[in-house]
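Undergrad: The sequence and its predicted three-dimensional model are supplied below.
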Amino acid sequence: MIEIRRVTKQYQTQSGKVTVLRNVNLSVQEGEMVAIMGRSGSGKSTLLNIIAGITSPTSGQVSVCGKILDYTKSGELCRLRRNLIGYIVQSYALIGNRTAWENVILPVRSREYRAHGYQKVRELLDELEMTDKVRRFPNQLSNGEKQRVAIARALVDNKKMILADEPTGAMDQKSAENTVNLLRRLAEEKGITILIVTHDMEVAKKCDRIVTLSYGEIV
Ligand SMILES: Nc1ncnc2c1ncn2[C@@H]1O[C@H](COP(=O)(O)OP(=O)(O)OP(=O)(O)O)[C@@H](O)[C@H]1O
Ligand SMILES: [Mg+2]
């Protein structure tokens, strides 16, 4: 499902080049749920951005769903994201002048999800315990609630893969557990592949496998 081969990422900064990922190899099978752990600055978000086709690696190769990503083709990468990948970014990226509900249904394309007044979307929001907050705007939500909106948005439309960057970082233990259980079930029932960056050992324990990044390398 995801094949990462000898991926290196360097950034140019004021004080010269910094290597953020160094020769990273990683294979993730379909339906697998993998936790990515590591200290702040170890390259976790960078790795997810590369898989999502948002950031290009300096060298190495990435393939997703059997397709080698061509980082020079932004249209192709954009379609890949839209069709296959649900990405829950670390900063939630909600649209401020749209309500929680509008944010969630924004990317919905599939008929299945539009059917019966977005019934499937409602069910998802219900599971995330957000039903009573859907009419609020992001600035009227707590961070944990914003995260749940971002999660719902990433899960609509039957994506093949979910990339989640600290999706439970702002939640209490109960909401975090609830959310991870939901992701776990999606992996099992629908064969969705899930990569989840987390600092929370309780969350990581529910994954099939833990990958730890340290100074840009998998240890
Ligand atoms: N555009 C950029 N230019 C230069 N350096 C960058 C850039 N983006 C990220 N970095 C650096 O790359 C390193 C890895 O960043 P990244 O965001 O992947 O870390 P992370 O593991 O997700 O950290 P956190 O747990 O704090 O979210 C950091 O040291 C960061 O300062
Ligand atoms: Mg990060």
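TA: Yep, that arrived. Residues are numbered from 1 along each chain as shown. Ligands and ions are numbered 1, 2, ... in the order given.
Undergrad: if I look at the nearest residue in space to Q147 that is not next to it in sequence, how far off is ligand 2?
TA: Spatial nearest neighbour of Q147, chain neighbours left out: A170 (5.4 Å); criterion: Cβ to Cβ, 6 or more residues apart in numbering. The C-beta positions use only the backbone N, C-alpha and C, and glycine is treated the same way. Distance of A170 to ligand 2, given as Cβ to the ion, to the nearest Å: 14 Å.
Undergrad: can you pull the contacts of A170?
TA: By Cβ atoms under 8 Å, 6 or more residues apart in numbering, the residues touching A170 are 142-144, 146-147.
Undergrad: just N25 next, same as before
TA: For N25, the contact set (Cβ under 8 Å, 6+ apart) comprises 4-7, 218.
Undergrad: Which of the helices or strands spans the closest residue in space to D172 that isn't next to it in sequence?
TA: Among residues not flanking D172 along the chain, G144 sits closest, at 6.9 Å (Cβ to Cβ, 6+ apart). Assigned by DSSP states H and E, G144 belongs to helix 143-155.
Undergrad: Tell me which other helices or strands the helix or strand following that helix touches.
TA: Counting by DSSP H and E, the next helix or strand C-terminal to helix 143-155 is strand 161-165. Judged by 3 or more Cβ pairs under 8 Å, 6 or more residues apart in numbering; DSSP states H and E, strand 161-165 is in contact with helix 44-51, strand 85-88, helix 143-155, helix 173-190, strand 193-197.
Undergrad: quick one: contacts of strand 161-165?
TA: Applying Cβ under 8 Å, 6+ apart, the contact partners of strand 161-165 are 1-2, 44-45, 48, 51-52, 64-65, 84-90, 151, 154-155, 183, 186, 192-197.
Undergrad: before we move on, back to that, regarding the residue nearest to Q147, what is its secondary structure?
TA: Following DSSP: H, G, I helix; E, B strand; the rest coil, the label given to A170 is coil.
Undergrad: Let me see the backbone angles for it.
TA: With angles defined as degrees, to the nearest 10, A170 sits at phi -100, psi 10.
Undergrad: separation between it and L21?
TA: A170 sits 26 Å away from L21, going by Cβ to Cβ, to the nearest Å.
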